[in-house]
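Participant: The following block contains a protein sequence and its predicted model.
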Amino acid sequence: MKKRIKILNNRFSKMKISAKVISYIALAVSIISVYFQFFYINHELKYATLYPILDQEEKKLIFPIFLKNTGNQTETILDFKLLLEARDNNESFYKRISNLDEPQFFSIMNPGESQRIDLIGYYDIYLFGTILTEENNFYYKPISELEDLNLILQTTYLTKKGVAATQERVIGKITFTTSETIKRIDCPPIELQELDLEKDDFEIYQYSLIPDNKQYESLSVDFTDSTSIKNNFDKLLFLERVMKSDKEENYETLKILEEILRPYR
């Protein structure tokens, strides 16, 4: 009998110890909850690009962007840019094909808030070609590469230190046909990725604006002289591209220009 009582006492003693441990755990949980509720700072902003929408008639791409503030602090998006890779035999660079500084791109997101923004890019800007300027002259480079061109989403935002930073992400590859329509777009899987809000380097540290007040020499071409045509061939290509923006209005002129340029292409 005494043995049984001793066993019961031991069990009650262990139960008392367990109750103390539980009370300590409950206290610790309460402290942690108060910490995360009032003192813990978590900057976390995630984004994903959804399926693109094509508009071949207006030569534009629409990339819906999904944003979600998964932290407990207010975050700020300053701008989005859609860039398209331009390549030729010697170099590779990126051209902005989206509008600059759309009002909807400036977003202040509260904790837990989600948002969708449609980023529109006009690929006719890419297909137009590239203009290279000098002091009193310019040169025109038509597009020669149409396959497997990278589409880049560039996001400008404020880090947790309030510094403006940028982050780039490949959101697809695009291939055009020779008739300047989209052949295909290959996009990565839709998945949320984090913006690097921990950046402490001053990626954007100053701005310099230089107004373009250049005046170029007037174009003068003797269409009966092959040397004159060759020397101004790039400018004639530029003129052709400009007139193609309204083919109906410039139909006759384009037809004549095409005949003149055919032997030199």
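Facilitator: Alright, I've got the coordinates. Residues are numbered from 1 along each chain as shown.

Participant: I'd assumed Ile131 was in contact with Phe138.
Facilitator: Yes - in this structure Phe138 lies within contact range of Ile131 using Cβ atoms under 8 Å: 5.7 Å. In short, each C-beta sits where N, CA and C put it, glycine included.

Participant: in the chain, which residue is closest to the centre?
Facilitator: Closest to where the C-alpha atoms of the chain average out (Cα atoms, centre = their mean) is Leu153, at 1.6 Å.

Participant: Specify the local secondary structure of it.
Facilitator: Put simply, Leu153 is strand when judged by DSSP: H, G, I helix; E, B strand; the rest coil.

Participant: that older thread, could you check which of Phe138 and Ile131 is surrounded by more residues?
Facilitator: For the pair Phe138 and Ile131, the greater number of neighbours falls to Phe138 (14 against 11), based on other Cβ atoms under 10 Å.

Participant: Between the two ends of stretch 87-100, how far is it?
Facilitator: With Cα to Cα, to the nearest Å as the measure, the ends of stretch 87-100 fall 22 Å from one another.

Participant: what does stretch 66-78 give?
Facilitator: Per Cα to Cα, the first residue of stretch 66-78 is 15 Å away from its last.

Participant: Stretch 113-128 now?
Facilitator: Start-to-end, stretch 113-128 (Cα to Cα) is 39 Å.

Participant: pretty sure Gln167 contacts Glu194?
Facilitator: No - Gln167 sits out of contact with Glu194 when judged by Cβ under 8 Å, with a separation of 9.4 Å.

Participant: Looking at those two now, which is surrounded by more residues?
Facilitator: Gln167 (17 against 14).

Participant: confidence score at the more buried one?
Facilitator: Reading off the confidence values, Gln167 has pLDDT 91.

Participant: And the next helix or strand past the helix or strand where it lies?
Facilitator: Secondary-structure element containing Gln167, defined by DSSP states H and E: strand 164-176. As assigned by DSSP H and E, the chain's next helix or strand after strand 164-176 is strand 182-186.

Participant: Relative to the whole chain's centre, how far out is that next one?
Facilitator: 18 Å (Cα atoms, centre = their mean, to the nearest Å).
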